[in-house]
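>>> the following comprises the amino acid sequence and a computationally predicted model.
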Amino acid sequence: MQHRTFFFVGVADGVVVGSVGVKRYPPNAAEIKRLYLAAAQRGKGWGRRLLEWSIGWAQAQHVQTITAWSDTRFTDAHRLYLRSGFTQDAERVLEDDPNDSREYRFVRNF
């Protein structure tokens, strides 16, 4: 059975330390949604684990391409995506955002 969305939560010592959602777009694409970590947990491998779980889920869903959008200011996240086999290939301005935030798109093909 193929699911359209999945949500992962990282828990350490009974406390939520991070989360990420993945949305599947038939026939063969998915997008990482809102990979977040508690500030105190950054740099401890939780982002990598959550991303790996997301990628594994996407592969089990027979996804061929997974994407993620990340605010241009989140350089640690950019390094994580690049180290995990993604390439940066686009940029956008969020027009409905009062701050006109900019984001980079990261893509990984399987």
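Nice, thanks for sending it over.

>>> now do the helix or strand harbouring residue 68: which elements does it pack against?
Element membership for residue 68, per DSSP states H and E: strand 65-71. Counting contacts by 3 or more CB pairs under 8 Å, 6 or more residues apart in numbering; DSSP states H and E, strand 65-71 packs against strand 29-37, helix 46-60, helix 75-83, strand 102-109. For the C-beta atoms, the positions are set from N, CA and C on the backbone; glycine is no exception.

>>> cutoff 7 Å now
Packing partners of strand 65-71 (3 or more CB pairs under 7 Å, 6 or more residues apart in numbering; DSSP states H and E): strand 29-37, helix 75-83, strand 102-109.

>>> I'd like the average pLDDT over it.
The average pLDDT for strand 65-71 rounds to 97.

>>> what sits up against that strand?
With CB atoms under 7 Å, 6 or more residues apart in numbering as the contact definition, strand 65-71 has outside contacts at 28-32, 55, 58, 77-78, 81, 86, 101, 103-109.
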